[in-house]
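1. requesting a structural model of the entry that follows:
(2 chains)
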Amino acid sequence: MIANKVRLWQIYFTFFKMGAITFGGGYAMLPILQNEVVAKKRWVTEVDLLNYYSIGQCTPGIIAVNAASFIGYKLRGLSGLVSATLGLMTPSIGLVLLVAMVLRQYMDSPYLQWAFGGIRIGVLALIVNTVINMWRGSVRYWRDYAVFIGAALLLFVGRLPAVGVVIVAAIVAFIPNFSRRKRL
Amino acid sequence: MIYALIFWEFLQIGLFAVGGGLVTVPFLFDLASKYAWFSNQELTDMIAVAQALPGPVGINIAAYAGFYTAGWGGGILAPLSEVLPAMAVVYLIARIMNKWQENRCVQRVLRGIRPAVLALVLYAAWMIGQEVNLNPKTAALFVFILAAMHFYQRNVVLYIVLSAIVGVALQI
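-> Numbers count the residues shown, from 1 in each chain, chains lettered A, B, ... in the order given. Modelled structure (predicted):
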């Protein structure tokens, strides 16, 4: 039994590797995780992994980190969870700090300024695209439209901080439905 | 003292940003207006760099914002503080996995806040939009990139690199 235990450093380095080679965040990591921890290492099953993802996107925090935490926990409990999470974060933090230091030196270059001018627009398009993609799964009933509009008013007009908006929405979620849920 | 503040603020982001790395962005704009840590434009550039580097985007943004605020210590402390609540929540859920999936009260809250999270992300788009000069060149690039992203779901990094190249070529 003990001989079969996955070692903590193996968990750490497996997730370190995935953190270093995945570009584009949570969902880009799913196929890489499937290949590494399901197909090659057989640490978890395909169904487990998809479950972790669906729970990971509706719990606090970053989806990829949550999925890694679940896998780590399944292998070695709390210490496995911590190893997986730290492994996934280490290359990110290291690389970002290096790039941040280098960029600080060259930020005056006109080429870099132009590049960032373009990238800002790309990031804007990315976030608008995220809103479009999330819309289908999140806003379906009259009640959802009401919460969406209410939250938007609190943010844009009421200038309530994001934390406050989430708390208000969580409280509103307990108000019972007076009519049956209707699709718009 | 700055470290205690970073810890506390990023801990809150980790607890309240439900739905992934980009959902942390509106919370960071709140920090930009609350403290003199970074401007809205600097934050927009950090998000851009974070997207173009490997690793979970939320971690990258937190590390960059922390570094900008308080150097190396901040860069390590901010992402660690941000994942702490998630680790605690995952630990609890993993211990009571089946009960969690059946817990209607929890499900109700998580389903109920999703439209509000959407409004938060829209707010982030609005804040980033403030940092872009609207002219025919930028409008065309925006429409082109958005359409490409929407209809050809390729890796995000591809579009970031493409935007940078167009930015230099058109001197945006």
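2. ok now do the closest residue to chain A within chain B, which residues does it touch?
-> With distances taken as C-beta to the nearest C-beta, chain B approaches chain A most closely at B:G167, which sits 2.0 Å away. All C-beta spots, glycine's among them, are computed from the backbone N, C-alpha and C. Contacts were defined as C-beta atoms under 8 Å, 6 or more residues apart in numbering or on different chains; by that measure B:G167 touches A:W114, A:A115, A:F116, A:G117, A:G118, A:I119, A:I121, B:L141.
3. which of these has the most neighbours?
-> By neighbour count, taken as other C-beta atoms under 10 Å in any protein chain shown, the most surrounded of the contacts of B:G167 turns out to be A:I121 (30 neighbours).
4. how far away is that one from B:K34?
-> Counting by C-beta to C-beta, to the nearest Å, the gap from A:I121 to B:K34 is 26 Å.
5. quick one on the thing from earlier: could you confirm the residue of chain B closest to chain A falls within a strand?
-> No. With DSSP: H, G, I helix; E, B strand; the rest coil as the criterion, B:G167 is assigned helix and is not in a strand.
6. skipping adjacent residues, who's closest to it in space?
-> A:G118 (2.0 Å; C-beta to C-beta, 6 or more residues apart in numbering or on different chains).
7. contact partners for that neighbour?
-> Counting by C-beta under 8 Å, 6+ apart, A:G118 touches B:L141, B:S163, B:A164, B:I165, B:V166, B:G167, B:V168, B:L170, B:I172.
8. what of B:I6?
-> B:I6 makes contact with B:G66, B:T69, B:A70, B:G74, B:L77, B:A78, B:S81 under the criterion C-beta under 8 Å, 6+ apart.
9. what does A:A169 give?
-> Taking C-beta under 8 Å, 6+ apart, one finds A:V147, A:A151, B:G112, B:I113, B:P115, B:A116, B:V117 in contact with A:A169.
10. restricted to strands, list those.
-> Among those, the subset assigned to strands under DSSP state E is empty.
11. relative to B:Y123, which of the residues you listed is nearest.
-> When the contacts of A:A169 are compared for distance to B:Y123, the smallest value, 8.8 Å, is given by A:A151; criterion: C-beta to C-beta.
12. hmm, B:A116 and that closest one touching each other?
-> Yes. The pair A:A151 / B:A116 is scored as a contact, 3.8 Å apart, by C-beta atoms under 8 Å.
13. so what's in contact with these two at the same time?
-> Between them, A:A151 and B:A116 share the contacting residues A:V165, A:V168, A:A169, judged by C-beta under 8 Å, 6+ apart.
14. what's the helix or strand for the closest residue to chain B within chain A?
-> Going by C-beta to the nearest C-beta, chain B is nearest to A:G118 of chain A, at 2.0 Å. Element membership for A:G118 (DSSP states H and E) is helix A:110-138.
15. the bottom helix or strand of chain A by mean pLDDT?
-> Within chain A, no helix or strand scores below helix A:26-33, which has a mean of 78 by mean pLDDT, DSSP states H and E.
16. off-centre distance for that helix?
-> Relative to the chain's own centre, helix A:26-33 is displaced by 11 Å; criterion: C-alpha atoms, centre = their mean, to the nearest Å.
17. repeat for stretch B:139-156
-> 19 Å.
18. show me the helices in chain B, by range?
-> Along chain B, the segments classed as helices by DSSP state H run B:2-16, B:24-34, B:40-52, B:57-95, B:97-102, B:104-112, B:114-129, B:136-151, B:156-170.
19. could you tell me the least trusted of those?
-> The minimum mean pLDDT among the helices of chain B belongs to helix B:97-102 (a mean of 61).
20. look up phi and psi at B:A36.
-> Taking degrees, to the nearest 10, you get phi -90, psi 30 for the backbone angles of B:A36.
21. OK, contacts around it?
-> For B:A36, no residue counts as a contact, taking C-beta under 8 Å, 6+ apart as the criterion.
22. and the gap between it and A:L97?
-> Summarising the geometry, the distance separating B:A36 from A:L97, computed by C-beta to C-beta, is 21 Å.
23. residues near B:R108, how many?
-> Per other C-beta under 10 Å, the neighbour tally for B:R108 reads 14.
24. hmm, I was thinking of B:A124
-> So B:A124, with other C-beta under 10 Å, has 28 neighbours.
25. top helix in chain A by residue count?
-> With DSSP H as the criterion, chain A gives helix A:63-106 as its longest helix.
26. does it reach chain B?
-> Yes. Judged by C-beta under 8 Å from any C-beta of the partner chain, helix A:63-106 comes into contact with chain B at A:63-66, A:69-70, A:73-74, A:78, A:81-82, A:85, A:88-89, A:91-93, A:95-97, A:99-100, A:103.
27. drop anything exposed from those residues.
-> Listed as buried from the residues of helix A:63-106 next to chain B are A:63-66, A:69-70, A:73-74, A:81-82, A:85, A:88-89, A:91-93, A:95-97, A:99-100, A:103; burial here means 16 or more other C-beta atoms under 10 Å in any protein chain shown.
28. so what does the least confident helix or strand of chain A touch, helix or strand wise?
-> Using 3 or more C-beta pairs under 8 Å, 6 or more residues apart in numbering or on different chains; DSSP states H and E, the elements in contact with helix A:26-33 are helix A:8-21, helix A:46-56, helix A:63-106.
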